[in-house]
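Asks: fold the following for me, if possible:
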Amino acid sequence: MTTHGDQSALRVGDVMSGELHTIDGLATVAEAMATMRRLRISSLVVNRGHDDDELGMLTVTDLARDVVTQDRAPERVNVYEVMSKPALTVQSSMLARYAVRLLVQFGVSRTLVVDEQGEPLGLVTVRDLVLGLSET
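Replies: Predicted structure coming up:
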C-alpha cells in the first residue's frame, strides 16, 4: 500500500496524459465531432487565436448541452460558440490532491495541464488523479 508520504507527493504530471488533440475555434462543431469520433476522444483543446489569447476546451458535454439538446445544426455552429474559454488549467507540478479539489470545486471532469509558461503539456482527468492517488 502507498504510504501517506508517497501519496501526498503525487503530482499532476505523474498521472496526466501527454496526448493532446487541438482544433481551431473557427472550425465547425461537425468537424469537431468527426475528429472526436475518429480519435475516440471526448475533448479537444481549442488553439489560441493570437498571442494574447487563452486556450479553450471543447468537450462532448459542451456539445450535448449547447448543440444537441438545443437542436442546432452542427455544420452551422462554430467551435468558438460552444467551447469553454479560458480553459481551466493546472500546472504539471501541482500536487494531485489539490488538483482533485479544484476539478471537483469547478464541477469539471478534466483539465488542461500546462508548464510554467502556460504552454499545454497534456490533459488530466478526475479519474487519473483519484486512481493515481489510490495506487498501491
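Asks: break down this protein into its strands, ranges please.
Replies: 22-23, 43-46, 56-59, 89-91, 110-114, 120-125 (DSSP state E).
Asks: can I get the ones you listed in CSV with mean neighbour count and mean pLDDT?
Replies: The C-beta positions use only the backbone N, C-alpha and C, and glycine is treated the same way. CSV is the format used below for these (neighbours: other C-beta atoms under 10 Å; pLDDT from 0 to 100):
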stretch, mean neighbour count, mean pLDDT
strand 22-23, 17, 96
strand 43-46, 23, 96
strand 56-59, 23, 96
strand 89-91, 18, 97
strand 110-114, 22, 95
strand 120-125, 20, 95
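Asks: export those to a markdown table and append columns for distance to residue 33.
Replies: Below are these laid out as a markdown table (distance: least, C-beta to C-beta, whole Å):
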| stretch | distance to residue 33 |
| --- | --- |
| strand 22-23 | 10 |
| strand 43-46 | 10 |
| strand 56-59 | 10 |
| strand 89-91 | 24 |
| strand 110-114 | 18 |
| strand 120-125 | 18 |
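Asks: for residue 66, find the nearest of the ones you listed.
Replies: Judged by C-beta to C-beta, the one of the strands of the chain that comes nearest to residue 66 is strand 56-59, at 9.9 Å.
Asks: which other residues reach the closest one?
Replies: Identification of contacts with strand 56-59 by C-beta atoms under 8 Å, 6 or more residues apart in numbering yields 23, 25, 32, 42-46, 79-80, 82-88, 109-110, 112.
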